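A.B. asks: For reference, the sequence and a predicted model appear below.
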Amino acid sequence: MRFFLTLPFVACLVSAAHSDELADPLTNDIVTTQILPAFTALSDTADAFAANAPEKCHSDPEAFKKSYGSTFDAWIRASHWRFGPTETDARGFSLAFWPDNRGRIAKSVNGVLRSENRKILEDGAFAQFSVAGKGFYALDHLLFDEAAQNLASADYRCDLASAMAVDIAATAQAIKDDWQQNFTALMQAPSRRYQSTSEAHQELFKALGTGLQIIDELRLARPLGSFDAPRPRRAEAWRSGRSQRHVILSLEALAPLAHRLSADAPELQLRLDAAFGRSLKRARALDDPTFAGVSDPQSRIRIEALKQSVVDLRNLVTTELGPRLGVDAGFNSLDGD
């Protein structure tokens, strides 16, 4: 008996084989167990924050600040996924305009406070405001900068804080929806964006490398400055005492990514787990929420030791994990022109 295969049927077989060849458990697992949960948590937390903002800011400022902190935590846990939906419409910058080398956040927020401009608080108006005056770092300035507390009435400050909270929630929702409705499919199967599993792996590897680079070069190196000229006021979110916390949260978020990316290399996986463990142990032991210790020789040594452990971790990721995956870190915005 002979079987005759039609051309359309053969084409389907070839297409299915091609899809099976490019089906990627590694990417699928990271998307479904790390990326989607991170942005769902951010969106849910931001929604609750925004819904309670008008009442809590006026009646219970400390509870409002605590809710802000929980939402900021959720962003830091998701912030290393700075590609795709986070890049679209500058959503990442809208949530996190940092580092702010030229003081644009203070200028934007203080300017609005001085004018008590209520038009900017009208429906849809705040979404068009400068990214320097939006997001977590602008809200951090509004809530915790001492000078800002005297630039406008308490009612206006709360109304502005509520507008910022609503904008954060809308942006977080847009990122989550984009991941669920569009970008997950682009990563999980061949697409115009990722034409092979290698390209998807490189994106995930880049998220790990860039996340570690931010800890090293921004969260730690900026406040450290030099021994003769430490710069504690360059620490991230120092006004609210979150600088050390962000290093810890970032390391905690990146560790599972490194663990999963190294799953096919058990010995390397153990070394990466141990390296993250060392960095986290040093970060948690600092007891220095704002990194003010960069100005004290004894405390500075401990922060420098933390930084060196992150440098060692970056080197391990770059020199061993990258080649194992067959990818490199590629270019990112921190690398300059």
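C.D. replies: Thanks, I have the structure now. Numbering: from 1, shown residues only.

A.B. asks: Low-confidence regions, the chain specifically.
C.D. replies: Applying pLDDT under 70 to the chain picks out residues 1-23, 330-337.

A.B. asks: Quick one: the helices in the stretch 101-250 of the chain, in order.
C.D. replies: 104-115, 135-144, 154-178, 184-188, 197-213, 221-224, 243-261 (DSSP state H, counting those that start in this stretch).

A.B. asks: The third one relative to helix 135-144, how many degrees between them?
C.D. replies: Between the direction of helix 154-178 and that of helix 135-144, the angle (axes from the mean of the first three to the mean of the last three C-alpha atoms, to 10 degrees) works out to 160 degrees.

A.B. asks: Show me what counts as buried in helix 154-178.
C.D. replies: Judged by neighbour count (16 or more other C-beta atoms under 10 Å), helix 154-178 contains these buried residues: 156-176, 178. C-beta coordinates here come from the backbone N, C-alpha and C atoms, glycine included.

A.B. asks: now do the shortest one
C.D. replies: Residues of helix 221-224 classed as buried under the neighbour-count rule (16+ other C-beta under 10 Å) are 222-224.

A.B. asks: And the first one, by the same measure?
C.D. replies: Using 16+ other C-beta under 10 Å as the test for burial, helix 104-115 gives 105-106, 108-110, 112-113.

A.B. asks: returning to what we had before: between the helices of the stretch 101-250 of the chain, which one is closest to Arg278.
C.D. replies: Proximity to Arg278, assessed across the helices of the stretch 101-250 of the chain by C-beta to C-beta, is greatest for helix 243-261 (10.2 Å).

A.B. asks: elements contacting that closest one?
C.D. replies: helix 25-30, helix 61-78, helix 197-213, helix 266-285 (3 or more C-beta pairs under 8 Å, 6 or more residues apart in numbering; DSSP states H and E).

A.B. asks: Show me how this structure divides into domains.
C.D. replies: 24-190, 196-329 (the TED database).

A.B. asks: and the helix or strand harbouring Gly322, C-alpha only, in PDB?
C.D. replies: Here Gly322 sits within helix 322-325, counting by DSSP states H and E. Only the C-alpha atoms of helix 322-325 are listed here, as PDB (Å, rounded to 0.1, in the frame of the first residue of the first chain):
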ATOM      1  CA  GLY A 322      27.000  33.300  28.700                       C
ATOM      2  CA  PRO A 323      29.300  30.900  26.800                       C
ATOM      3  CA  ARG A 324      27.300  27.900  28.200                       C
ATOM      4  CA  LEU A 325      24.100  29.400  26.800                       C
END
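
A.B. asks: And the contacts of it?
C.D. replies: Residues from elsewhere that reach helix 322-325, judged by C-beta atoms under 8 Å, 6 or more residues apart in numbering: 201-202, 205, 209, 261-262, 264-265, 268, 328-329.

A.B. asks: quick one, what contacts the residue nearest the centre of the chain?
C.D. replies: With distances taken as C-alpha atoms, centre = their mean, Ser79 lies nearest the centre of the chain, 1.0 Å away. By C-beta under 8 Å, 6+ apart, the residues touching Ser79 are 92, 96, 211, 250, 253.

A.B. asks: any idea how far it lies from Lys65?
C.D. replies: 20 Å (C-beta to C-beta, to the nearest Å).

A.B. asks: cool, and Val247?
C.D. replies: Val247 is 21 Å from Lys65, by C-beta to C-beta.

A.B. asks: neighbour count winner among these two?
C.D. replies: Val247 (29 against 18; other C-beta atoms under 10 Å).

A.B. asks: That one contacts Arg219, doesn't it?
C.D. replies: Yes. Between Val247 and Arg219 there is a contact under C-beta atoms under 8 Å: 5.3 Å.

A.B. asks: Tell me how many other residues surround Arg102.
C.D. replies: Neighbours of Arg102 (other C-beta under 10 Å): 9.

A.B. asks: Need phi/psi at it.
C.D. replies: Main-chain dihedrals, Arg102, degrees, to the nearest 10: phi -110, psi 10.

A.B. asks: same check, this time on Ser153
C.D. replies: According to degrees, to the nearest 10, Ser153 has phi -70, psi 160.

A.B. asks: Contacts only, for it.
C.D. replies: Taking C-beta under 8 Å, 6+ apart, we find Ser153 in contact with Glu116.

A.B. asks: if I look at Leu121, how far off is Thr27?
C.D. replies: Distance, Leu121 to Thr27, by C-beta to C-beta: 42 Å.
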